[in-house]
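>>> need a structure here:
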Amino acid sequence: MRTKQHKIFLLDDDEKLTSILKKILEAAGYNFKSFDSIDVIKATLKNELPDLLIVEPMMDGNSGLFKSASPDYTFI
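Sure thing, here's the model as predicted:
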């Protein structure tokens with residue numbers, strides 16, 4: 001059993017995908033938060049950092065958004 005509940009953020013505007021991932025990841029014991037707005041996730045990231053950030057690369061306004069967000073992130 002995990003001692004730390006890992007935090008996963010998802011930026012995606014596909015409600016069906018978000019709902020499916022939420023069920024799967026929360027059932028596996030992860031702390032999951034989804035965002036459908038770039039502005040909202042940017043504000044959240046100023047105060048709270050996830051262990052994993054999943055970003056829909058084709059979302060409007062997302063071009064290069066996170067490339068300079070933090071030197072602590074690895075982008076794949």
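>>> skip the chain neighbours and tell me the closest residue to I8.
Nearest-residue entry for I8: L52, 4.7 Å, with adjacent residues in sequence omitted and distances by Cβ to Cβ, 6 or more residues apart in numbering. Where C-beta positions appear, they are placed from N, C-alpha and C, glycine not excepted.
>>> pretty sure that neighbour is in contact with F9, am I right?
Yes. L52 is in contact with F9 according to Cβ atoms under 8 Å; the separation is 7.4 Å.
>>> what number of residues lie near the residue nearest to I8?
Look at L52: counted by other Cβ atoms under 10 Å, it has 13 neighbours.
>>> distance-wise, check it relative to K16.
21 Å (Cβ to Cβ, to the nearest Å).
>>> contacting residues for the residue nearest to I8?
L52 sits next to H6, K7, I8, F9 when contact means Cβ atoms under 8 Å, 6 or more residues apart in numbering.
>>> neighbours of I41, how many?
Neighbour tally, I41, other Cβ under 10 Å: 21.
>>> is the residue sitting nearest the centre point of the chain in a helix, a strand, or coil?
For the chain, the residue whose C-alpha lies nearest the mean C-alpha position (Cα atoms, centre = their mean) is F9; its distance is 2.2 Å. For F9, the assignment made with DSSP: H, G, I helix; E, B strand; the rest coil gives strand.
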